[in-house]
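Participant: Make a model of this:
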Amino acid sequence: MSPALRAPAFLEILKAATIYFAIVFAFGFVFGTIRVLWTVPRFGERVAELIETCFMLIAIVFGGLVIKRFYVARTFVAVGSGVVALGLLVLAELELVRFATTRVVSFPIHREARSCIRHGLSRDACRVRAYAVVRSSIDSLT
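Facilitator: Numbers count the residues shown, from 1 in each chain. Sure thing, here's the model as predicted:
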């Protein structure tokens, strides 16, 4: 197959993957916010996750139907777009976790580490202080 024939299929895969990613990520963001703010305090962590899983399954099927209906005509394009969308979802979630943890937890830990070095505290004393900083950062999130 010549490169001229493969390029449209790749663009079709990329377009479908991006749209599927946007649909599923948007639903996941909304459902995750609802889970953390409303269902976890009422039902507990495990039940809230199970409730969210049911709704996410519906969102995944909905995204697949939208892609199948409007964008994908061939099976290999559907599979390819699913794989690319999975990669996009994993990258986006990893980046969000990295962004959230570095902003919330890492900055106070680095500040405490500099303070320990400046004051010449022992390694154990620094660990105790770092644990207290992490615990207070986590408690401030909940």
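
Participant: which helix of this structure spans the most residues?
Facilitator: Identified as the longest helix of the chain according to DSSP state H is helix 3-34.

Participant: in the helix or strand just after that one, what counts as buried?
Facilitator: Using DSSP states H and E, the next helix or strand after helix 3-34 towards the C-terminus is helix 40-43. For helix 40-43, burial by neighbour count (16 or more other Cβ atoms under 10 Å) applies to residue 40. Glycine gets a C-beta too; all of them are placed from N, C-alpha and C.

Participant: Residues in contact with helix 40-43: which ones?
Facilitator: 48, 51 (Cβ atoms under 8 Å, 6 or more residues apart in numbering).

Participant: Which is the succeeding secondary structure element to it?
Facilitator: Next along the chain after helix 40-43, taking DSSP H and E as the criterion, comes helix 45-70.

Participant: Between helix 3-34 and that following helix, find me the angle.
Facilitator: Counting by axes from the mean of the first three to the mean of the last three Cα atoms, to 10 degrees, helix 45-70 lies at 150 degrees to helix 3-34.

Participant: what's helix 45-70 packed up against?
Facilitator: Contact here means 3 or more Cβ pairs under 8 Å, 6 or more residues apart in numbering; DSSP states H and E; on that basis helix 45-70 packs against helix 3-34, helix 40-43, helix 75-101.

Participant: The same query, at a cut-off of 6 Å, please.
Facilitator: Helices and strands touching helix 45-70, by 3 or more Cβ pairs under 6 Å, 6 or more residues apart in numbering; DSSP states H and E, are helix 3-34.
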